[in-house]
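Undergrad: Any chance you could fold what I've pasted below:
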Amino acid sequence: MGKENENDEMGQKNDATLIAVKKVLTFDEGCNYTGIAKSFMYKLTSSGKVPHYKPNGKMIYFERAELENWLLRNRITPTCEIEAKASTYVTLNKRGGAK
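TA: Residues are numbered from 1 along each chain as shown. Predicted coordinates for the structure are as follows:
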């Protein structure tokens, strides 16, 4: 039983490595890569909210780079970054005091 678990773990690592280097992912690989459940991914593709391809009208494929860009959209800027930009702006745009 221990040997089977080791083989399963090795297979999962190999699958993850393969997905990381493939340019085009199948539907299942895209779900695994993003961590999104299949049912939710179907909703996203059917509503056109995630970029995907259907070369034969049925099978769904993803371009890995497009999935990455889609996952990284709507970045939330951390407070420390906003404060640093504000500090730089104030320093560079100092004006003389009121007269």
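
Undergrad: so where's the protein uncertain?
TA: 1-15, 96-99 (pLDDT under 70).

Undergrad: can you give me the helices for it?
TA: 2-21, 27-34, 38-46, 64-71, 79-92 (DSSP state H).

Undergrad: Kindly compare burial across these and name the winner.
TA: helix 27-34 (a mean of 18; mean count of other C-beta atoms under 10 Å). The C-beta positions use only the backbone N, C-alpha and C, and glycine is treated the same way.

Undergrad: Look up how far residue 93 lies from the closest residue to residue 24 other than its chain neighbours.
TA: Sequence neighbours aside, residue 61 is the residue nearest to residue 24 in space, at 5.5 Å (criterion: C-beta to C-beta, 6 or more residues apart in numbering). Taking C-beta to C-beta, to the nearest Å as the measure, residue 61 falls 49 Å from residue 93.

Undergrad: hey, what's residue 63 bridged with?
TA: Counting by DSSP bridges, residue 63 is bridged to residue 24.

Undergrad: Who are the contact partners of the residue most central in space within the chain?
TA: When C-alpha atoms, centre = their mean is applied to the chain, the residue found nearest the centroid is residue 71 (3.1 Å). Taking C-beta atoms under 8 Å, 6 or more residues apart in numbering, we find residue 71 in contact with residue 34.
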